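*Asks:* output the structure for:
(one chain, ligands or ions: 1)
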Amino acid sequence: MTILTINSPTAELQALDAAHHIHPFTHASGLKEKGARIITRAEGCWLQDSEGNRILDAMAGLWCVNVGYGRDELAGVAARQMRDLPFYNTFFQTSHVPAINLAARLAELAPGDLNHVFFANSGSEANDTNLRMVRTYWAEKGEPQRDQIIARWNGYHGSSVGSGSLGGMKGIHAQGGMPIPGIHHIDQPYWYLEGGDMTPEEFGLARARLLEEKILELGQDKVAAFIAEPIQGAGGVIVPPSTYWPEIQRIVDKYGILLIADEVICGFGRTGEWFGSQTMDIRPDIMTVAKGLSSGYQPIGASIVSDAVEAVIGGVEFNHGYTYSGHPVACAVALENLRLLDEEGIVARARDHVAPYLKERFESLTDHPLVGEATIVGLMGSIALTPDKASRAQFAGEAGQAGYICRERCFANNLIMRHVNDRMIISPPLVISHEEIDTLIARAWKSLDEAHATLQEQGLM
Ligand code: PMP
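*Replies:* The predicted structure follows:
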């Protein structure tokens with residue numbers, strides 16, 4: 001067969017893609033009709049497609065390219081590591097230098113006594129590890145009945161059977177027999193849509209107390225762990241009211257339940273600090289990390305666990321692991337990525353320089369007639385589309401239609417924003433400049449104008 005290149009005609013690339021490639025989270029026949037957008041190169045915050053368009057990537061890929069595209073240092077480290085030791089496993093009492101260094105660096109960066117690292121290849125796998133780890137922890141502590149896990153509706157923790165069950169996405173649960181038993185979901189702290197007449201603070205407390213109610217309903221000696229994202233990402237960048245996390249921390253402390261903070265999106269500078277747990281001031285027993293750990297240059301995830309959890313897990317043979325747990329190339333690239341984030345001051349600059357400007361500019365979108373609210377922490381933000389700002393109303397027709405229309409306008413204007421139902425999301429590379437932020441906002445505004453016109457034409461508002 002002919003191997004296509006980035007210079008091949010778009011139609012040919014699309015046809016071969018449609019013939020053989022099954023895309024994640026995609027309606028295949030719809031895509032085949034339309035043809036995939038083919039990305040060929042990237043630099044900084046900019047993508048290039050096979051038609052030669054330059055596209056501003058306000059999503060950092062899938063919330064992951066924190067250092068931006070095109071960092072030669074990472075390519076160099078990967079090439080060197082591939083020559084020195086392309087693969088060796090970390091099973092059977094062996095180790096290698098990249099895994100050793102990366103585990104130690106993560107222990108140094110992670111807050112509190114999160115000093116031990118179990119490697120995976122993705123966020124989903126790391127959360128599967130967590131699921132088994134917390135149950136094994138309690139079993140080894142002599143409380144095997146403590147095997148129930150509480151999570152949240154509209155939380156996202158991955159799409160494998162375990163992590164998809166931890167997540168609270170009904171579309172995922174509907175396919176493949178999920179959730180698996182022993183996982184329970186409580187409502188999310190999404191004030192804008194679900195807060196009714198409560199103040200955000202009242203609502204935050206009420207939603208946190210659902211955790212206590214669920215613990216008491218299940219039996220306080222039955223619950224192993226609570227898992228949540230410090231700020232929900234894939235659920236729509238839902239920033240919890242200020243009262244939520246302190247109350248959650250009080251409850252997990254009171255009942256001695258392990259807290260798993262899923263930092264797959266929030267980690268590595270996304271919220272302005274190294275970890276969302278620091279921004280939200282919580283003390284997890286386990287953190288899930290992936291994405292920004294390598295800025296997406298290599299697939300890698302990890303569970304970072306406390307001294308106390310490791311002390312118990314370390315007492316048994318944990319029958320768990322992936323061929324590529326601690327893959328040397330992925331670890332070497334992640335370590336170099338952490339060096340760039342730190343030594344180039346990318347995380348510090350994101351917090352002190354980028355986030356304040358982005359916040360001011362992003363919040364100006366609330367002046368647009370279609371925008372009901374803007375929420376942003378660090379470099380993750382979202383706007384709610386609404387036909388009526390005052391009542392926080394939803395559009396006529398299906399939820400998500402307005403968001404989809406708006407996302408399509410963004411694409412047409414060479415801006416990648418994502419929609420979750422009728423919220424529009426941004427999560428740009430941490431290295432985005434003020435000028436690029438201005439471009440982002442101008443393109444978002446234009447796309448909102450066009451979406452507004454379409455929604456009116458279609459009678460959806
Ligand atoms: N947890 C969170 C919070 C995520 O956002 C994601 C991915 N979007 C995952 C877990 C799953 O990670 P992966 O896609 O690498 O399996």
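*Asks:* contacts and neighbour counts: CA atoms only from here.
*Replies:* Noted.
*Asks:* okay, buried residues for stretch 213-231 please.
*Replies:* 214-215, 220-231 (16 or more other CA atoms under 10 Å).
*Asks:* got the residues of the protein near the ligand?
*Replies:* Neighbours of the ligand within the chain, by CA under 6 Å from any ligand atom: 122-124, 156-158, 229, 233-234, 262, 264-265.
*Asks:* can we see that at 8 Å?
*Replies:* Applying CA under 8 Å from any ligand atom, we find that the chain lies next to the ligand at 62-63, 121-127, 155-160, 163, 229, 232-234, 262-266, 288-291, 299-301.
*Asks:* SS state for the closest residue to Leu258 other than its chain neighbours?
*Replies:* The shortest distance from Leu258 to any non-neighbouring residue, by CA to CA, 6 or more residues apart in numbering, is to Ala225 (4.4 Å). Of the three states, Ala225 takes strand according to DSSP: H, G, I helix; E, B strand; the rest coil.
*Asks:* and Ala225, what does it touch?
*Replies:* 134, 148-150, 257-260 (CA atoms under 8 Å, 6 or more residues apart in numbering).
*Asks:* closest one of these to the ligand?
*Replies:* Taking CA to the nearest ligand atom as the measure, the ligand sits nearest to Ile260 out of these, at 11.1 Å.
*Asks:* which other residues reach the helix or strand that contains that closest one?
*Replies:* Secondary structure from DSSP states H and E places Ile260 in strand 258-262. For strand 258-262, contacts defined as CA under 8 Å, 6+ apart pick out 130, 134, 157, 224-230, 252, 277, 283-289.
*Asks:* run me through the strand neighbours of it, direction for each.
*Replies:* Strand 258-262 sits in its sheet next to strand 223-228 (parallel), strand 286-289 (parallel), going by DSSP bridges.
*Asks:* among the residues of the chain next to the ligand, which are in strands?
*Replies:* 262, 288-289, 301 (DSSP state E).
*Asks:* from the contacts of Ala225, list the buried ones, please.
*Replies:* Counted by 16+ other CA under 10 Å, the contacts of Ala225 give 134, 148-150, 257-260 as buried.
*Asks:* from the ligand, how far out is Gly397?
*Replies:* Distance from Gly397 to the ligand, counting by CA to the nearest ligand atom, to the nearest Å: 27 Å.
*Asks:* equivalent analysis for Asn337, please.
*Replies:* 17 Å.
*Asks:* which residues are in contact with that residue?
*Replies:* When contacts are counted by CA under 8 Å, 6+ apart, Asn337 touches 67, 74, 293-295.
*Asks:* domain assignment for this structure?
*Replies:* Here the domain parsing of the chain from automatic domain parsing is 37-70+348-457, 73-343.
*Asks:* any idea what the residue nearest to Leu258 is bridged to?
*Replies:* Where Ala225 sits in a bridge, its partners, by DSSP bridges, are Ile149, Leu258.
*Asks:* and it, what's its pLDDT?
*Replies:* Per-residue confidence (pLDDT) for Ala225: 98.
*Asks:* check the offset of stretch 32-42 from the chain's centre.
*Replies:* Taking CA atoms, centre = their mean, to the nearest Å, one finds stretch 32-42 lying 23 Å from the centre of the chain it belongs to.
*Asks:* so for stretch 121-135, mean pLDDT?
*Replies:* 98.
*Asks:* err, stretch 150-167, not the other one
*Replies:* 98.
*Asks:* start and end of that stretch, how far apart?
*Replies:* End-to-end distance for stretch 150-167: 10 Å, by CA to CA, to the nearest Å.
*Asks:* return the distance of it from the chain's centre.
*Replies:* 12 Å.
*Asks:* repeat for stretch 10-22
*Replies:* On CA atoms, centre = their mean, the centre of stretch 10-22 falls 28 Å from the chain's centre.
*Asks:* ditto for stretch 324-338
*Replies:* 19 Å.
*Asks:* same question for stretch 1-18.
*Replies:* With CA atoms, centre = their mean, you get 31 Å for stretch 1-18.
*Asks:* what of stretch 75-92?
*Replies:* 27 Å.
*Asks:* now swap in stretch 19-27 and tell me
*Replies:* Stretch 19-27 sits 21 Å away from the centroid of its parent chain (CA atoms, centre = their mean).
*Asks:* pLDDT of it, averaged?
*Replies:* Stretch 19-27 comes out at a mean pLDDT of 96.
*Asks:* so which bits of stretch 344-364 are buried?
*Replies:* Applying 16+ other CA under 10 Å to stretch 344-364 flags 346-351, 354-359, 361-363 as buried.
*Asks:* where does the nearest residue to Phe268 once chain neighbours are set aside land in three-state SS?
*Replies:* Counting by CA to CA, 6+ apart, Phe268 lies nearest to Trp274, which is 4.6 Å off, once chain neighbours are set aside. Following three-state DSSP, we place Trp274 in the coil state.
*Asks:* OK, contacts around Trp274?
*Replies:* By CA under 8 Å, 6+ apart, the neighbours of Trp274 are 109-110, 267-268, 347.
*Asks:* inside helices: which ones of the residues you listed?
*Replies:* Using DSSP state H, the subset of those located in helices is 109, 347.
*Asks:* and the furthest pair within the contacts of Trp274?
*Replies:* The largest separation in the contacts of Trp274, counting by CA to CA, is between Ala110 and Val347 at 14.1 Å.
*Asks:* which parts of stretch 434-447 are buried?
*Replies:* Those would be 437, 440-441, 443-445, 447, for stretch 434-447 by 16+ other CA under 10 Å.
*Asks:* cool, stretch 126-146 as well?
*Replies:* 126-131, 133-139, 146.
*Asks:* got the CA positions of that stretch in CSV?
*Replies:* Listed next in CSV are the C-alpha coordinates belonging to stretch 126-146 (Å, rounded to 0.1, in the frame of the first residue of the first chain):
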residue,chain,number,x,y,z
ALA,A,126,-4.1,5.3,36.9
ASN,A,127,-7.6,5.5,38.2
ASP,A,128,-8.1,1.7,37.7
THR,A,129,-4.9,1.4,39.8
ASN,A,130,-6.5,3.6,42.4
LEU,A,131,-9.7,1.6,42.5
ARG,A,132,-7.8,-1.6,43.2
MET,A,133,-5.3,0.1,45.5
VAL,A,134,-7.8,1.6,47.9
ARG,A,135,-9.7,-1.7,48.2
THR,A,136,-6.5,-3.6,48.8
TYR,A,137,-5.4,-1.0,51.3
TRP,A,138,-8.5,-1.5,53.5
ALA,A,139,-8.4,-5.3,53.0
GLU,A,140,-4.8,-5.4,54.3
LYS,A,141,-5.8,-3.1,57.2
GLY,A,142,-8.3,-5.8,58.3
GLU,A,143,-11.4,-4.0,57.0
PRO,A,144,-12.2,-5.9,53.8
GLN,A,145,-15.8,-4.8,54.0
ARG,A,146,-14.7,-1.2,53.3
